[in-house]
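A.B. asks: can't give you the sequence, but here's the structure:
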């Protein structure tokens, strides 16, 4: 990658003769950016551009540059690329659009490009990319005149878009380096992360993601990188409308957003929802040490601001630190003994009473930051730009606060008032230790919340990585299951192939589950009514009756299930009713009979396996029952899952308190449910031909759990 | 109120001799603000301040000013206030803190102040207030040098805090007028709204709320004001930590946030969650006409931005307009026939291809805005501050877009890049019709979402107001029920008093419900086991058995309920088990017997009545069953509720799809449930002594619904 980021020489192909305003001339931009390497320009007709002699083709170059940057029309890309290869150029950025991002012809052109690249060992960044931004080396492939950060911050950006490096202050914040992976035809997130992992100029990495071509490999590499540096990700396409827009933007295969979420968490990457949050989280990760806990002290020049911060804390996993007597004492002002201090501490009246803006702020922050019960502080401070308020010298105040913070806890500030915007910029530019100003106090809270979450996720990911099984050896989607280290659990024999059939239901599905030790409610397939009555008597009442037919996969939605049948009469009348319903709805259907099952009890869960197009096999657990569809309380984890992973999945559910035994009810056997999830993970890896598997419901009781119905769909 | 906002003369009491930087001198601030009325200053010792002769006391004033502004220590406030009254001053702003916001002594002082005010017909704003900001009249009571908006926008702010008028650009956006109601000891939101309702200088009203002293009256007045002008509210204390902070800030009585939510909605006030959203929504309400629908067109210079906007739309109730063939045609550029256009429309390659930044943007926005399927547009546009990008003249582009928008649909823009911040300010300052720039694209979407919601809520509130019953005549909390116009429904006889007892359970509660036509599952109170068996036989199996004891109010949490008993044997063994459990847990308790009830079926709902300390009787409905606690899917409405209100409550629940019949299940009888809610509203008004009433569960079936258990708690 370093040839992409720090080329000693570069050839620009397709640079136009037009220069100046409105020309979008990448040569002109590169020169203004301060690039000091050698530049060649290829333009078949120009003769010269900006006083530089142009070449008519890549073949004519007097030397072989480190990098070629192609901005020619998409039809000309393959030919120019071949010329680059012939010239011995090993790195090519294809800025041009109209490939996998566009139409069938574009997809064909991209395939052709990639084949040539693979065949010749040439690496391609793009197509459909803004390419590289490197403020350290003074190199950019942009055609927009983006300012060069000086000094460049140790924040690197890897994005599936060029826009975040165009005026980064509007997007992810000022950056030192950026790589736009574009259509990720060749160079992708994995390559970029592998470069940044050991890059001494990078301390924090921001990601903008739409899709993920090498999903499992990304997980592996990202998890490795977060052991060294924090990663923060903005992933778009979380809504259905957004997912559709992703597909048309970079032609990415889009999987389920919740799966992506699980991957990022597992890799120790903290996820944010908006561009503003990305900026805020990036700033916090750059400027602050990891806080020891979630307990926030709030020092505010306004009571309203304090309340609003308290509300925001609840949204971002932070708590308000209790106010210790020592802090209360330290904040008090003699003349105002009646003044109530709490946390949030509305200190304005006290600032006024002392007449010492900077001094009182330093005293208040110092008192809180010195308290062991406080992990970080947030300040809301007025800053008026007026000759009447020269005391509002926020750089001086920030320095005083920093000096009063011996343990180096994070201090997030928000300034308001007519002087706030310029003062905040001045404070941030001064790089005062452990102090940073945020654009809003919500973003200050968001940033501290993200910082805390990043710390926890990185620790958890590092811990998981330290333990077998090595998850990274799981197969890539559709790939072979070889190399899988199995999670702990009962040893299983080499996987038997599944029985034939596109969809396995009833006893066929149950036999597969049984091989993995997943407990299934006892059942019998009864051919007719008398059989059903006999089966019920054998299993014991109450029973459930279900239509068994390949045409009725979604039995309960169609009224194909009769619950809680208490005696023979009930079974007979249910058989008649189900039969009539089946015949009326699907006169051509095959009725295999009725599945008779002992009625179970417990909290209804929904468990299963899915295959994500990007990340492969996924284990799912969530709320079951009639409310499942509307509340969508579901946790995802990539297969394989360990028992510990599985228990964490259960605890991520909103219904976790119910599983732990809410309101006097007995807790459910979470260990038994976790064992089922673990087994599902093994099953998913053993049988890549299982496209989907549903246990619906899994009834979780105080001692054990039981599958009441299962469905397996083959790929 | 106009004497507060536009006094012809004012006396400042407590102004210090110190002036200049750090003095916080309110006289100096007032003079800089450009006040042209007469100013008197009272300071017992100064002699003169800023060249003005000071008076030693209010009594010495040569004339009676319209308004007094008190900044003296809290102990001196009562005496100075008496002097003001004696002098004939009718309006007093008490800036001083340390009243109901502080301690018992403060509460006493505030009571004293209010008594004097009421007795003498003097109106008080405060204490604990920043007072008034009026950029139109050049009047402010601030001690911070806040810039005077020029020209003042027709946006007024009423806040339970002074901070929003200090550097309003950081909070609610530039304002024309502001009133800080402080501790609302006398002048409150109601007074402020009554003034602003007919104020020709105000078109939009922003509220910052913590609590609400005259809850029902606020609802009535706010609902009237929204018929003329939009209101947008930021209400803090939505979290439990925030609610605690509210109590210590202005000493407000804090009710349930969800009740406040219901009040705002009913009044047609659109609520926002953060200060940034308040600013964005205010701007949209000032600049845009009401959109006809939620369908958004997105024109963007970046594909990533389009996707992120699509995600944000889902969060804010907006949809992406379908792309019509005519728009597709209009956006196409000959040289790039392969370029895929959709909505969001990533137009940058097309802008580049035409080489006409302003022209192409106007063409793209014009095409969308001319389409009947589009209600509003959002643009994401690059703006670099560079000699290479003079074409990025965003004021010119915004004018061209505005000219291409004949129907005046809202156009929200977000600019990014090195020139974005100053260009956005220039665009907004130019007041280009129907175009406004927002700070982030998320806030642009938020603003358009709030605009749409405001339109819908105002229409709904106006419609409700046009129909009897007049909800505003509902009694204030604890007040008499006189003057209540009853909602439609079966006529009821004058309310009989409730039977005695602090808590009414079982048959006692059922008899009360029956008077209101609320259907209760048939039940019998059985003294012992034989009685219970007989009752079950009479009611018909299956039955439910419940412990009847004044000590066991939360029966099901304690295991005092046995469900689904199918025969005599089951009833007998349940009696034995319940009896044993009761005796073990509450050996001193009184066991009245067992309530035997026919087992019902249906979707479990939880309905009831609560009394909010600010707004009085409230009707509640939500999800029942074991998941109720964790999902908290609840809708609130102030009593009385009409049938239409009640149906809307049901549709606000997340489980609404289940009530409408999800996944092939029959729909629930929503009309029957609505009738219960309507009846609860009547019951709440008839019986102010009912502090709380729970129907838990109300079983809602396809034909009718049935209360399975009820509990009434007296005040």
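C.D. replies: That came in fine, so what should we check first? Just so you know, these numbers come straight off a predicted model, no measurement behind them. Residues are numbered from 1 along each chain as shown, chains lettered A, B, ... in the order given.
A.B. asks: the closest residue to chain B within the stretch 501-650 of chain A - how many residues pack around it?
C.D. replies: Closest residue of the stretch 501-650 of chain A to chain B, Cβ to the nearest Cβ: residue A:557 (4.4 Å). In short, each C-beta sits where N, CA and C put it, glycine included. Residue A:557 has 13 neighbours, counted by other Cβ atoms under 10 Å in any protein chain shown.
A.B. asks: that one in helix, strand or coil?
C.D. replies: helix (DSSP: H, G, I helix; E, B strand; the rest coil).
A.B. asks: leaving out sequence neighbours, find the closest residue to it.
C.D. replies: residue B:664 (4.4 Å; Cβ to Cβ, 6 or more residues apart in numbering or on different chains).
A.B. asks: likewise residue A:629?
C.D. replies: Take residue A:629 and drop its neighbours on the chain: the residue closest to it by Cβ to Cβ, 6+ apart is residue B:662, 6.0 Å away.
A.B. asks: contacting residues for that neighbour?
C.D. replies: By Cβ atoms under 8 Å, 6 or more residues apart in numbering or on different chains, the contact set of residue B:662 is A:626, A:629-630.
A.B. asks: circling back: correct me, but the residue of the stretch 501-650 of chain A closest to chain B touches residue A:696?
C.D. replies: No: with contacts counted by Cβ atoms under 8 Å, residue A:557 stays clear of residue A:696, the gap being 11.0 Å.
A.B. asks: between the two, which contacts overlap?
C.D. replies: Joint contacts of residue A:557 and residue A:696 (Cβ under 8 Å, 6+ apart) do not exist.
A.B. asks: next, the buried residues of the helix or strand hosting residue A:658.
C.D. replies: Per DSSP states H and E, residue A:658 falls inside helix A:656-659. With burial defined by 16 or more other Cβ atoms under 10 Å in any protein chain shown, the residues of helix A:656-659 counted as buried are A:656, A:658-659.
A.B. asks: next structured bit after it?
C.D. replies: Next helix or strand after helix A:656-659 toward the C-terminus (DSSP H and E): helix A:670-686.
A.B. asks: which strands or helices does that following helix pack on?
C.D. replies: The contact analysis (3 or more Cβ pairs under 8 Å, 6 or more residues apart in numbering or on different chains; DSSP states H and E) places helix A:670-686 against strand A:603-612, strand A:616-623, helix A:643-652, strand A:690-700, strand A:705-707.
A.B. asks: check contacts around residue A:438.
C.D. replies: Contacts for residue A:438 (Cβ under 8 Å, 6+ apart) come out as A:280, A:283, A:412-414, A:424, A:444, A:447.
A.B. asks: any idea of the pLDDT on the residue nearest to residue A:629?
C.D. replies: In this prediction, residue B:662 carries a pLDDT score of 76.
A.B. asks: again, but for residue A:526
C.D. replies: We note a pLDDT of 92 for residue A:526 in this prediction.
A.B. asks: that one: neighbouring residues, count only.
C.D. replies: Around residue A:526 there are 22 residues (other Cβ under 10 Å).
A.B. asks: what sits against it?
C.D. replies: Taking Cβ under 8 Å, 6+ apart, we find residue A:526 in contact with A:532, A:534-535, A:593-596.
A.B. asks: so which of the residues you listed sit within strands?
C.D. replies: Secondary structure from DSSP state E places A:593-596 of the contacts of residue A:526 in strands.
A.B. asks: next SSE after the lengthiest helix in chain A?
C.D. replies: Counting by DSSP state H, the longest helix found in chain A is helix A:441-466. Tracing the chain C-terminally past helix A:441-466 and defining elements by DSSP H and E, one meets strand A:503-505 next.
A.B. asks: what comes up buried for the helix or strand just after that next one?
C.D. replies: For strand A:503-505, the following helix or strand on the C-terminal side (DSSP H and E) is helix A:506-515. Buried residues in helix A:506-515, defined by neighbour count with 16+ other Cβ under 10 Å: A:506-510, A:512-513, A:515.
A.B. asks: how far off centre is helix A:506-515?
C.D. replies: Its chain's C-alpha centre lies 35 Å from the corresponding centre of helix A:506-515 when counted by Cα atoms, centre = their mean, to the nearest Å.
A.B. asks: re the thing from before, quick check: phi and psi on the residue nearest to residue A:629?
C.D. replies: Taking degrees, to the nearest 10, you get phi -80, psi 150 for the backbone angles of residue B:662.
A.B. asks: show me the domain layout of chain A.
C.D. replies: Listed domain ranges for chain A are A:2-273, A:289-459, A:477-521+A:600-715, A:522-598 (source: automatic domain parsing).
A.B. asks: sorry, back to before: among the ones in strands among the contacts of residue A:526, which pair sits farthest apart?
C.D. replies: Between any two of the ones in strands among the contacts of residue A:526, the greatest separation by Cβ to Cβ is 9.1 Å, found for A:593 and A:596.
A.B. asks: more neighbours: which of the two?
C.D. replies: Taking other Cβ under 10 Å, residue A:593 and residue A:596 do not tie; residue A:596 has more neighbours (28 against 20).
A.B. asks: so what's the more buried one bridging to?
C.D. replies: When assigned by DSSP bridges, residue A:596 has beta-bridge partners residue A:524, residue A:545.
A.B. asks: contacts only, for it.
C.D. replies: A:523-526, A:532, A:535-536, A:539, A:543-545, A:571.
A.B. asks: same deal with residue A:605?
C.D. replies: A:621-624, A:673, A:695, A:697-700, A:705.
A.B. asks: if you set the cut-off to 6 Å instead, what comes out?
C.D. replies: When the contact criterion is Cβ atoms under 6 Å, 6 or more residues apart in numbering or on different chains, the partners of residue A:605 are A:624, A:698, A:700.
A.B. asks: name the member of those residues that has the highest neighbour count.
C.D. replies: Neighbour-wise, these (other Cβ under 10 Å) top out at residue A:698, 29 neighbours.
A.B. asks: surely that residue touches residue A:607?
C.D. replies: Yes: between residue A:698 and residue A:607 there is a contact under Cβ atoms under 6 Å: 5.0 Å.
A.B. asks: how many residues are close by residue A:553?
C.D. replies: When neighbours are counted by other Cβ under 10 Å, residue A:553 registers 14.
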